[in-house]
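Student: Have a look at this prediction, sequence included:
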Amino acid sequence: MHALKYLALASLLGVAVSAQAAPVTYKLDPGHTMVLFSWNHFGYSNPTADFGLGDGTVVFDEQNPAKSSVDVTLPLASLDTHVPALDKHLKEADFFDADKYPTVTFKSTKVQPLGGHKFNVTGDLTVHGVTKTVVLAATLNKVGPHPMSKAQAIGFDATASIKRSDFGVGAYVPKVGDEISIRITTEGSVPKADAGK
């Protein structure tokens, strides 16, 4: 009888452990996400713009982070430089050509854990209809129940550097810098509909 109880308990614990080890899907929060990019302007200044987040999902596997993934869409309609005339110009044909290419997307292809909450996230970045491989240097800030919503949450920062001319957005290079520095900060949580599953 004791053996049966032990086996039943072991089975229940095994199910609980395997449930905890499953990958968790997080919906990124546009209100707590900034996708900033900056460039050099004729050597005088380094303006910054925010793409804003349209839609984003992170699947994070704490037990096996290499099985994690990221998928985000950034609508150019949300692009914000805090200068309305510049917002308009960047959306025109000589830069992003937002009427023809209304979104920027990133879909990860590989997540490499580096230790100490650091990861290299390799993926396909599509800008202006051109897709190139980009590596994000990411830091996991925190994962766990959010103190306000109580939902399981995740937050991370990431950086990258790209050449805009590689994506066919090369107007005024080299006087206006070709190198674009990207800085991302974001958080997300398990959607309520999924939290009870």
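Tutor: In hand now; what should we look at?
Student: Glu179 touches Asp166, doesn't it?
Tutor: No - assessed by Cβ atoms under 8 Å, Glu179 is found out of contact with Asp166, at 10.5 Å. (Each C-beta comes from the backbone N, C-alpha and C, glycine too.)
Student: Just name the shakiest helix or strand of this structure by mean pLDDT.
Tutor: Of all helical and strand segments in the chain, the minimum by mean pLDDT, DSSP states H and E falls on helix 2-21, at a mean of 45.
Student: residues contacting Lys192?
Tutor: Neighbouring residues of Lys192 by Cβ atoms under 8 Å, 6 or more residues apart in numbering: Ala151.
Student: What pLDDT does the model give it?
Tutor: On pLDDT, Lys192 comes in at 82.
Student: where along this protein do the helices fall?
Tutor: In the chain, the helices defined using DSSP state H lie at 2-21, 84-90, 192-195.
Student: so how far is Pro113 from Leu76?
Tutor: With distances defined as Cβ to Cβ, to the nearest Å, the gap from Leu76 to Pro113 amounts to 32 Å.
Student: Also Ala66?
Tutor: Counting by Cβ to Cβ - Ala66 and Pro113 are separated by 6 Å.
Student: More neighbours: which of these two?
Tutor: Between Ala66 and Pro113, counting by other Cβ atoms under 10 Å, Pro113 is the more crowded of the two (14 against 10).
Student: quick one, longest strand in this protein?
Tutor: For the chain, the strand with the greatest residue count under DSSP state E is strand 130-145.
Student: Can you show me the CA trace of it as CSV?
Tutor: Only the C-alpha atoms of strand 130-145 are listed here, as CSV (Å, rounded to 0.1, in the frame of the first residue of the first chain):
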residue,chain,number,x,y,z
VAL,A,130,15.1,43.0,-47.4
THR,A,131,15.8,40.2,-44.9
LYS,A,132,19.2,39.9,-43.2
THR,A,133,20.6,37.9,-40.3
VAL,A,134,21.1,40.0,-37.2
VAL,A,135,22.3,39.0,-33.7
LEU,A,136,20.8,40.7,-30.7
ALA,A,137,22.9,40.8,-27.5
ALA,A,138,20.1,40.2,-25.0
THR,A,139,19.9,40.3,-21.2
LEU,A,140,17.1,38.6,-19.3
ASN,A,141,16.1,41.2,-16.6
LYS,A,142,13.5,39.1,-14.7
VAL,A,143,11.1,36.3,-15.1
GLY,A,144,8.4,35.4,-12.6
PRO,A,145,5.0,36.6,-11.3
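Student: Brilliant, that's me finished.
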